[in-house]
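> dropping a prediction and its sequence here:
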Amino acid sequence: MDSSEYDVAIIGGGILGLSTAMQLSRRMPDKKVAVLEKETQLATHQTGHNSGVIHSGIYYRPGSWKSRFCVDGVQKLVQFCEENEIEYERCGKAIVATDPSELGRLQDLYDRGVANGVTGLEMIGPERLQEIEPHTFAVKALWSPQTGIVDYVKVASAYANRFQEAGGDVFTSAPVQAIHQSSGLTTVQTPGGDVRARHIINCAGLYADKIAEMAGEDTGVRILPFRGEYFTLRPESRHLVKGLIYPVPDPRFPFLGVHYTRNVYGQVEAGPNAVMALAREGYTKRDIKLGETLGAITYPGFWKMSMKHWKTGIGEMHRSYSKKVFVRDLQRLIPEIRSEDLVAGGSGVRAQAVARNGALLDDFNILTGRNAIHVLNAPSPGATSSLAIGEHIVEQAVQAFGFQD
Ligand SMILES: Cc1cc2nc3c(=O)[nH]c(=O)nc-3n(C[C@H](O)[C@H](O)[C@H](O)COP(=O)(O)OP(=O)(O)OC[C@H]3O[C@@H](n4cnc5c(N)ncnc54)[C@H](O)[C@@H]3O)c2cc1C
């Protein structure tokens, strides 16, 4: 580990840490910046376990960070992919109302999308949907032609390459274990040695609250891990899905409901659900970390959240253990899908910040602390928004750290 002093140490080599690093090194070429990542490779957690969707900005409350970062981020991301020859595709997405009771919420989504400035949105009937997604059933659908797909690990590694070309240092296998601050200098401890930096930017995803705690911050939130499990369509059943098919989401819950996504490699995934994981990086039901589970269940926000959402929680658990229930939900979107079409797929774990009063933070949450910036909540569409969020963090750093352009 290089023991010299950095202007900024960024903790976390996921898509947000790397976007921030790349843009900081571009805007402030004289600053010495390092990225510290605990794994042997970059982008292995949320960035490497997501649906790969380039969201267009439909779902989010106008004026929220989500709507602003997503709508801005999608333009920047597409341009970055073009410039860096990263494969992406604007395959379009259909959000389908399968029951007349969902039509009001579908119309609300259309209105939100239009208010957010998403272009090309169309309300379509079953005939038009048949042309786009011939196997999907709907009373009505919202068609978003701008929604696309990309491999976010490729995007993140291109950010890392650009950052390193600009002189930045990336340290993998560097888990941050402690942070000490004294007289304007922060010492970040890793097993390979200490890194000294004037400022830190915490992009540690599933451990962002822990890193903030190490830096002496009382954030008022706890990250609770929500695993999303996927099934994969067998190659011979992939023809059932042309692009992206989503249900109308439940507005009380920050997740989008199980859906079908085709990825840039032609595979089709169905999911993800949302179940509490028993470890922050608990990718399977067998992954249990007692300390982390205890940390979650002794948090008052966990119980308040559970009281509020117990019905949904039990439903999600049931679906997680029963393929039959999972398939039944998927059949609402494609009636002819059968259990035999699906094989168990991968999973991802969402870092969901929960407040002490049990509220699931819906929007991005980025906090300025002592010589530090902490990204405390970066749910979907965090990957789509990565360039807009990175730009925002750099601006926040310029202001808070007193950097001169
Ligand atoms: C199931 C799922 C589906 C999603 N689908 C989409 C989608 O289709 N489109 C979209 O736009 N967004 C999607 N998202 C959201 C998106 O993936 C995230 O918003 C984004 O990846 C967040 O990036 P990040 O860099 O904050 O986190 P991460 O990618 O998790 O990176 C955090 C990094 O910090 C490192 N770290 C943690 N602790 C330490 C430590 N102590 N020391 C050093 N390093 C540490 C971790 O190893 C990790 O590499 C999805 C997320 C999930 C989980």
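Happy to help now that I have it.
> could you use CA atoms for every contact and neighbour count after this?
Fine.
> domain ranges for this protein, per the record?
1-88+149-220+362-405, 93-145, 222-355 (automatic domain parsing).
> point out the most buried one among the ones you listed.
domain 1-88+149-220+362-405 (a mean of 21; mean count of other CA atoms under 10 Å).
> ok, back up a step: dump the domains of the chain into JSON lines; add mean pLDDT as well.
Listed next are the domains of the chain as JSON lines, based on pLDDT from 0 to 100:
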{"stretch": "domain 1-88+149-220+362-405", "mean pLDDT": "96"}
{"stretch": "domain 93-145", "mean pLDDT": "96"}
{"stretch": "domain 222-355", "mean pLDDT": "92"}
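> can you give me the strands for the stretch 201-350 of the chain?
Secondary structure of the stretch 201-350 of the chain (DSSP state E, counting those that start in this stretch): strands at 221-233, 244-247, 259-262, 268-271, 275-276, 342-355.
> for those strands, which one sits closest to residue 135?
Nearest to residue 135 among these is strand 244-247 (10.5 Å), distances taken as CA to CA.
> ok, and does the closest one reach over to the ligand?
No. Strand 244-247 does not reach the ligand (CA under 6 Å from any ligand atom); its nearest approach is 10.4 Å.
> among the strands of the stretch 201-350 of the chain, which is nearest residue 13?
Comparison of those against residue 13 by CA to CA identifies strand 342-355 as nearest, at 15.0 Å.
> next, see if that closest one gets close to the ligand.
Yes. Shown here: strand 342-355 in contact with the ligand (CA under 6 Å from any ligand atom) through 348-350.
> and the stretch 301-405 of the chain, which of its residues are near the ligand?
Residues of the stretch 301-405 of the chain lying near the ligand (CA under 6 Å from any ligand atom): 348-350, 378-384.
> let me have those residues in a markdown table, adding distance to residue 15 as columns.
Converted to a markdown table, those look like this (distance: CA to CA, whole Å):
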| residue | distance to residue 15 |
| --- | --- |
| 348 | 15 |
| 349 | 15 |
| 350 | 14 |
| 378 | 11 |
| 379 | 12 |
| 380 | 12 |
| 381 | 12 |
| 382 | 8 |
| 383 | 7 |
| 384 | 10 |
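> restricted to strands, list those residues.
Within those, residues falling in strands by DSSP state E are 348-350.
> mind listing the helices for the stretch 201-350 of the chain?
Ranges of helices within the stretch 201-350 of the chain are 208-214, 290-297, 300-321, 323-331, based on DSSP state H, counting those that start in this stretch.
> dump those helices into a markdown table; add distance to residue 68 as well.
Supplementary listing: the helices of the stretch 201-350 of the chain in a markdown table, determined by distance: least, CA to CA, whole Å:
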| stretch | distance to residue 68 |
| --- | --- |
| helix 208-214 | 22 |
| helix 290-297 | 31 |
| helix 300-321 | 27 |
| helix 323-331 | 31 |
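> do you know how far the residue of the chain positioned farthest from its centre is from residue 357?
Distance to the chain centre peaks in the chain at residue 183, reaching 35.3 Å (criterion: CA atoms, centre = their mean). Distance of residue 183 to residue 357, given as CA to CA, to the nearest Å: 35 Å.
> and residue 304, by the same measure?
Residue 304 is 6 Å from residue 357, where distance means CA to CA.
> ok, now residue 336?
Using CA to CA, residue 336 is found at 43 Å from residue 357.
> then residue 278?
21 Å.
> repeat that for residue 107.
Taking CA to CA as the measure, residue 107 and residue 357 are separated by 31 Å.
> try residue 161
As judged by CA to CA, residue 161 and residue 357 stand 41 Å apart.
> now the end-to-end length of stretch 358-372.
26 Å.
> pull the contacting residues for the residue farthest from the centre of the chain.
Contact analysis of residue 183 by CA atoms under 8 Å, 6 or more residues apart in numbering lists nothing.
> circling back to that earlier point, in a markdown table: the strands of the stretch 201-350 of the chain, plus distance to residue 165.
Below are the strands of the stretch 201-350 of the chain laid out as a markdown table (distance: least, CA to CA, whole Å):
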| stretch | distance to residue 165 |
| --- | --- |
| strand 221-233 | 33 |
| strand 244-247 | 36 |
| strand 259-262 | 33 |
| strand 268-271 | 35 |
| strand 275-276 | 40 |
| strand 342-355 | 30 |
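> of those, which is nearest residue 312?
Smallest distance to residue 312 across the strands of the stretch 201-350 of the chain (CA to CA): 9.7 Å, for strand 275-276.
> so what strands line up beside that closest one?
Here strand 275-276 is paired, per DSSP bridges, with strand 221-233 (antiparallel).
> now the partner strand - C-alpha only, CSV.
Output of strand 221-233 as CSV, limited to C-alpha atoms (Å, rounded to 0.1, in the frame of the first residue of the first chain):
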residue,chain,number,x,y,z
VAL,A,221,-30.0,5.3,9.4
ARG,A,222,-29.0,1.7,9.2
ILE,A,223,-28.4,-0.3,6.0
LEU,A,224,-30.6,-3.4,5.9
PRO,A,225,-29.8,-5.9,3.2
PHE,A,226,-32.7,-7.0,0.9
ARG,A,227,-31.8,-9.9,-1.3
GLY,A,228,-33.4,-10.0,-4.8
GLU,A,229,-33.5,-13.5,-6.2
TYR,A,230,-33.8,-14.3,-9.9
PHE,A,231,-34.8,-17.1,-12.1
THR,A,232,-33.3,-17.5,-15.6
LEU,A,233,-35.3,-18.5,-18.6
